[in-house]
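Q: missing the sequence, but the structure's below:
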């Protein structure tokens, strides 16, 4: 089982592509070689499917840190078929599911999932819909708090405040406005249910 994130940049024409392009390339270097096509669309394989939502949230946080930029993404989980070093040339259930979610489900919300399990799709997409009420409205400051926290697993609030040159109480308030604790509880739930299905 693998996972595929398909996405495109919202408002890409309003900002120099060098700004958000470098952000995507950095993520690709960290996770797995990805591919950018049609100028502002991308596809990335996350081979350990339990990590796919974490990576999607990180992508959103990093991109929303850029003024006027956002992203729409679909996550597809499933078997990997034909193997290729070029993401768009690979195929299989995960790629098909990611394409289906991108074409069908993103008409309703900016992040959606399609897996081989309908009950998981129903639960996760409801959770994502609720989470996006907060994530779609992240300010640059909120996105920065999320980004720093996800990139530095053991970072303390005091350390975040120091990095951002703000008070600890301001850091705490930004974290609360970003809904980070609730979002990460959902991400933990996602990991658990996907892992249970994959290892069954």
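A: In hand now; what should we look at? Everything numeric in this text was worked out from a predicted model, so none of it was measured. Numbering: from 1, shown residues only.

Q: which parts of the helix or strand of the chain with the lowest mean pLDDT are buried?
A: The helix or strand of the chain with the poorest confidence is strand 35-37; it has a mean of 79 (mean pLDDT, DSSP states H and E). For strand 35-37, a neighbour-count test (16 or more other Cβ atoms under 10 Å) marks residue 36 as buried. In this view, the C-beta of every residue, glycine as well, is placed from N, C-alpha and C.

Q: Same question for stretch 168-186.
A: By neighbour count on 16+ other Cβ under 10 Å, the buried set for stretch 168-186 is 171, 174, 175, 178, 179, 180, 183, 186.

Q: does the third one belong to a helix or a strand, and which?
A: Using DSSP states H and E, residue 175 falls within helix 168-177.

Q: Give me the contacts around that helix.
A: Contacts with helix 168-177, where a contact means Cβ atoms under 8 Å, 6 or more residues apart in numbering, come from 139, 141-142, 144-145, 149, 157-158, 160-161, 164, 166, 181.

Q: cutoff 6 Å now
A: Contacts with helix 168-177, where a contact means Cβ atoms under 6 Å, 6 or more residues apart in numbering, come from 141, 142, 145, 157, 158, 160, 161.

Q: which secondary structure elements does the strand or helix carrying the last one contact?
A: Here residue 161, judged by DSSP H and E, is contained in helix 157-164. When contacts are defined as 3 or more Cβ pairs under 6 Å, 6 or more residues apart in numbering; DSSP states H and E, helix 157-164 packs onto helix 168-177.

Q: Which strands and helices lie in contact with the helix or strand just after the helix it packs on?
A: Per DSSP H and E, the first helix or strand lying C-terminal to helix 168-177 is helix 180-198. The helices and strands touching helix 180-198, judged by 3+ Cβ pairs under 6 Å, 6+ apart, are helix 52-64, helix 118-135.

Q: got those as CSV, with mean pLDDT columns?
A: Shown next, in CSV, are these (pLDDT from 0 to 100):
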stretch, mean pLDDT
helix 52-64, 96
helix 118-135, 96
